[in-house]
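A.B. asks: My questions concern the predicted model and sequence given below.
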Amino acid sequence: MNDVATCEQLTAANFKSAVKPVWCPGCGDYSVLSSITKALAMIGKPPHEVGVVSGIGCSSRIPAYTSCYGFHGVHGRALAAATGLKVARPDLTVLVTGGDGDGYSIGGNHFLHACRRNVDLTYIVMDNHVYGMTKGQPSPTTEPDWDSKLAPGGTKIRVFHPLVVALAAGANFVGRAFAGDPNGTAALIAQAIRHPGFSFVEILSPCVTFRPEQKEWKSMVRPAPVEKTDDPVLAARRVMTDDGMNIGVLYAGNRPCYELDYGRSPKSVADLEMEFRV
Amino acid sequence: MNSGNAKTLTAAPKGVAFALAGSGGSGVMTAGTTLLAGAANAGVYGLMVRTSGPQIRGGEAAALVRLADRPVDTLGDTFDLLLAIDWGNTHRFADEVPLTARSVIVGDPDEGEPPEVFLATGARYVPLPMKKMAKAIPGSWVNMVALGFAGAMAGFPQEALEAAVRADWKRGETALAANLAALAAGFAAERGITPPIAVPPVPRTEAGAKQRWSISGNEAAGFGAIRGGVRYVAAYPITPATELLEWMAPALAKVGGTLLQAEDELASINMIIGGSFGGVPSLTATAGPGLALMAEGIGLAVASETPVVIVDVMRGGPSTGIPAKSEQSDLSFAVSGLHGDAPRLVLAPSSIADCATTTQWAVYLAEKLQAPAIVLSDQFLGQSRAIIDPPADSGLRAERLKAEANAADYKRYRNTESGVSPMAVPGTPGVTYTADGLEHTEAAVPSSNSRDHQLQLDKRERKLARFDYGDAWADIDGDGDAAVITFGSTSAAVREAVARARAEGVHVRLIAMRLLAPAQPEKLAKALEGVRHVMVVEQNHGGQFLRYLRGHFDLPAKPVGYHRPGPLPLRPGEVHKAIAEWRKAA
């Protein structure tokens, strides 16, 4: 662990651990990891004041690859664990990392409620439209005609639209990034961290093993042609009608955060006994 | 550690049992709680159990109140009084309110005759025009007439009841005066009945001078948790655990903590794991269905060595079961219901007062041993209210072994002799790590290596197995070559049954277990020295405790089980009868 307790200028290297990733060569998650460490260096809080929380999946391995306090929990529950951490320890900067299966399928309910609760978290989803760790099953963002062993001929189910869902549920910041643009992604993550409330960053992160066609994303993505908005209706209309390849900050709202009220004049435990007395 | 109850069972409690019934909104619950407070003022102890039909609001309801010369945590066998403000569907309470020929039924003649099922017991019917009496005093309520009548029948001074009404009064002075007049009318009516109702007054105790509490098991568990150091709660509402959470929400805010309502139980368990990872002692409360949903998360707490406390207020199961009634049927799930080899702590409070003491202990143990602790309360303990002597503070607090800043060669899951390794709290520099549900090395790096797995499994088992739990693992009373073993809520009925048996010269040892897991076979073996016959008492259909004891402890040959499911609470009389027959057969 390369934690530092000094006020020296932090670099991305300060946020990397010595643990070697399990990912396939060419996986988009390598560059997302690099973008996260760059973003944390920009924020400038030392690693021991940052929590990185995840569930299960390829991208959920990220906490151990950072030098921050990490929590690698169970499948789909990253947002719940992160909410608990942030509410109990508001002084920490808390990031949540995971994939499309973890966040939109098994963890879908937590995604909705994390958006509406608006606890000050940054949720980074590496979306590759496939379950990679279990070797190639369709996820909620997989195209309906994508053929696989588990769903021969495709699921025939329309894709889940995470950005629209996030906007409808009340996320306070919504952005889309592309793993192949590490500097742009790092800048976007840093903005998401700085923005108060629940920030959602969807990153197109190719799975070169099970979705090799995603290598083409590099030539398909483009900066969003319009400035970000603080109007969720406008933002939702835009992301519902674009082709999913516009990257950048798409929405930055100003909803108040989940209130962390820790009793401004704490009483002693003995005071609680009074109400039981007869 | 003290369970809050007398440990020497010399005699059964002396007192009376009243059932105050009526349709929803008739105020019988208020009458019941005020009667209980009046009992405290009059120098006696008491227990109040709420019961109601399946309706969300309205429908029939009854306050079952037992008043006695010592703390009571179980209802008696029969009731001395059934007082109904109206009859509605109160016949549904026939099983819950057993009457005898010595009982009295009080009903308002303008509301019709009492149901045949009650009259058939031979109980004396005393008509009392409660509504007319209340109507004669403008601004008064009928339940105050009922309260006055019941208080007089218990032999309480009228002032004790008046003080209880005043203490909880939230309206104006005019309404108070009217209702005190209604109370007086009810009181006078009881005294005027001829021939007088022959119920011996509840013996007063010197405890009247002492400070005492009126508390429910759910409140006590919440209080014990806060006393132990819990400052973060995440939970999802569920009957019969909700009141515990509703008590904790404002209480936590007062002591600098917080409660968050989660979207489901999957979230609540993972939220408290997150909070505890952050260094704050954390708790959730639920019932069987919620506990089932939490199973994967509890396993994560085991593997990641994150302390958490889960209070399971058990209810009738399986599935949705009987949500508002008691059962001890989550025991098997609590002691063995996680995947993988997953050592955990399971504790059970043996009285309403002990809900505070045992939950406080659970917080201490979870934090000390960096493991999940499940507290098995149940609907009967949780939703009943009792007058108790304030549970003494055991002084046990959350004391987690924490890593120091920049500790040299820090390894989160270091294989220490005790099995407990220092936990780095986020914010501490130089000792960052990633907590993991994946098997890991001592340095917290994910590993599927066989040695790492063996080492960490040994470590997690050892830290619970080697800890010295002291004497609090069970309440043990008496001697003899026969022993009754029980746990949790049913301990109260068994205590009373054993006292009655002893009064008849049948001497049995009582072992009420508080620490259920990890199993302490050596401790039980010592407690069973000289015992040749064992009976295991519990409230579930399958005899889960008996099976658990047979699987993990050495018992004398042919242990006998006495167990039946809810929804009716286990009563002292049936346990007494079972003990008598068992000893006779021996």
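C.D. replies: Alright, I've got the coordinates.

A.B. asks: which bits of the stretch 301-450 of chain B sit near chain A?
C.D. replies: By the rule C-beta under 8 Å from any C-beta of the partner chain, the part of the stretch 301-450 of chain B lying against chain A is B:304, B:387, B:390, B:405-406, B:424, B:426-438, B:444-446. (Each C-beta comes from the backbone N, C-alpha and C, glycine too.)

A.B. asks: In helices, which of the residues you listed fall?
C.D. replies: In helices, judged by DSSP state H, the following of these are found: B:Ser304.

A.B. asks: Helix or strand for whatever residue of the stretch 101-250 of chain A ends up closest to chain B, just tell me which one.
C.D. replies: Using C-beta to the nearest C-beta, A:His113 is the residue of the stretch 101-250 of chain A that sits closest to chain B, at 4.0 Å. For A:His113, the element it lies in under DSSP states H and E is helix A:108-117.

A.B. asks: The helix or strand following that helix - which strands sit beside it in the sheet, and in what orientation?
C.D. replies: Taking DSSP H and E as the definition, the helix or strand that follows helix A:108-117 towards the C-terminus is strand A:122-127. Strand partners for strand A:122-127, identified by DSSP bridges, are recorded as strand A:93-99 (parallel), strand A:199-204 (parallel).

A.B. asks: mind checking how far the helix or strand that comes right after the longest one is from the chain centre?
C.D. replies: Along the chain past strand A:93-99, the next helix or strand (assigned with DSSP H and E) turns out to be helix A:100. Taking C-alpha atoms, centre = their mean, to the nearest Å, the mean C-alpha location of helix A:100 is offset from the chain mean by 10 Å.

A.B. asks: for helix A:100, what is the average pLDDT?
C.D. replies: In this model, helix A:100 has a mean pLDDT of 98.

A.B. asks: again with stretch A:242-259
C.D. replies: Summarised as a single mean, pLDDT over stretch A:242-259 is 96.

A.B. asks: For it, buried residues please.
C.D. replies: For stretch A:242-259, the neighbour count (16 or more other C-beta atoms under 10 Å in any protein chain shown) marks A:242, A:244, A:246-253, A:255, A:258 as buried.

A.B. asks: element containing B:Leu64, please.
C.D. replies: Using DSSP H and E, the element containing B:Leu64 is strand B:60-68.

A.B. asks: Is that strand positioned near chain A?
C.D. replies: No: among the residues of strand B:60-68, none lie within reach of chain A under C-beta under 8 Å from any C-beta; the closest is 13.6 Å away.

A.B. asks: Just checking: what are the partner strands of that strand?
C.D. replies: Strand B:60-68 is paired, per DSSP bridges, with strand B:15-23 (antiparallel), strand B:45-52 (antiparallel).

A.B. asks: how many neighbours does B:Pro98 have?
C.D. replies: Neighbourhood size, B:Pro98 [other C-beta atoms under 10 Å in any protein chain shown]: 20.

A.B. asks: Can I get the buried ones among the residues of the stretch 301-450 of chain B next to chain A as something I can paste into ChimeraX?
C.D. replies: Selecting only the buried entries of those in ChimeraX, with 16+ other C-beta under 10 Å as the criterion:
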select /B:304,387,390,424,426,427,428,429,430,431,432,433,434,435,436,437,438,444,445,446
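
A.B. asks: I'd say B:Ala465 and B:Pro518 touch.
C.D. replies: Yes: under the contact definition of C-beta atoms under 8 Å, B:Ala465 touches B:Pro518, with a separation of 5.6 Å.

A.B. asks: between these two, which one's more packed in?
C.D. replies: Each of B:Ala465 and B:Pro518 has its neighbours counted (other C-beta under 10 Å); B:Pro518 has more, 21 against 13.

A.B. asks: hmm, back to that, got a markdown table for the strands paired with strand A:122-127, with mean neighbour count and distance to B:Gln379 too?
C.D. replies: Converted to a markdown table, the strands paired with strand A:122-127 look like this (neighbours: other C-beta atoms under 10 Å in any protein chain shown; distance: least, C-beta to C-beta, whole Å):
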| stretch | mean neighbour count | distance to B:Gln379 |
| --- | --- | --- |
| strand A:93-99 | 29 | 37 |
| strand A:199-204 | 27 | 41 |
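
A.B. asks: got CSV for those strands, with distance to B:Trp141 too?
C.D. replies: Supplementary listing: the strands paired with strand A:122-127 in CSV, determined by distance: least, C-beta to C-beta, whole Å:
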stretch, distance to B:Trp141
strand A:93-99, 53
strand A:199-204, 54
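
A.B. asks: Identify the residues contacting the helix holding A:His113?
C.D. replies: Helix A:108-117 is contacted by residues A:76-80, A:83, A:103-104, A:121, A:123, A:140, A:162, A:165-166, A:169-171, A:198, A:200, A:258, B:262-264, B:266-267 when judged by C-beta atoms under 8 Å, 6 or more residues apart in numbering or on different chains.

A.B. asks: Drop anything exposed from the residues you listed.
C.D. replies: Buried members of the contacts of helix A:108-117, counted by 16+ other C-beta under 10 Å: A:76-80, A:83, A:103-104, A:121, A:123, A:140, A:162, A:165-166, A:169-171, A:198, A:200, A:258, B:262-263, B:266-267.

A.B. asks: Among these, name the ones in strands.
C.D. replies: By the criterion of DSSP state E, membership of these in strands covers A:123, A:200.

A.B. asks: How about the contacts made by the residue located most distally from the centre of chain A?
C.D. replies: Taking C-alpha atoms, centre = their mean as the measure, the residue most remote from the mean C-alpha position of chain A is A:Val278, 51.8 Å away. Contact partners of A:Val278, counting by C-beta under 8 Å, 6+ apart, are B:37, B:40-41, B:164, B:167, B:212-214, B:387.

A.B. asks: Next, count neighbours for B:Ala188.
C.D. replies: The criterion is other C-beta under 10 Å. On that basis, B:Ala188 has 14 neighbouring residues.

A.B. asks: An error on my part: the question was meant for B:Ile272.
C.D. replies: B:Ile272 sits with 35 neighbouring residues when counted by other C-beta under 10 Å.

A.B. asks: Which secondary structure element is home to it?
C.D. replies: Secondary-structure assignment from DSSP H and E places B:Ile272 in helix B:265-277.

A.B. asks: what angle sits between whatever helix or strand comes next after that helix and helix B:265-277?
C.D. replies: Past helix B:265-277, heading to the C-terminal end, the next element that is a helix or strand (DSSP H and E) is strand B:282-286. When axes from the mean of the first three to the mean of the last three C-alpha atoms, to 10 degrees is applied, the directions of strand B:282-286 and helix B:265-277 differ by 160 degrees.

A.B. asks: how close does the residue nearest the centre of chain B get to B:Val311?
C.D. replies: Among the residues of chain B, the smallest C-alpha distance to the mean C-alpha position (C-alpha atoms, centre = their mean) belongs to B:Leu381, namely 2.3 Å. Counting by C-beta to C-beta, to the nearest Å, the gap between B:Leu381 and B:Val311 amounts to 11 Å.
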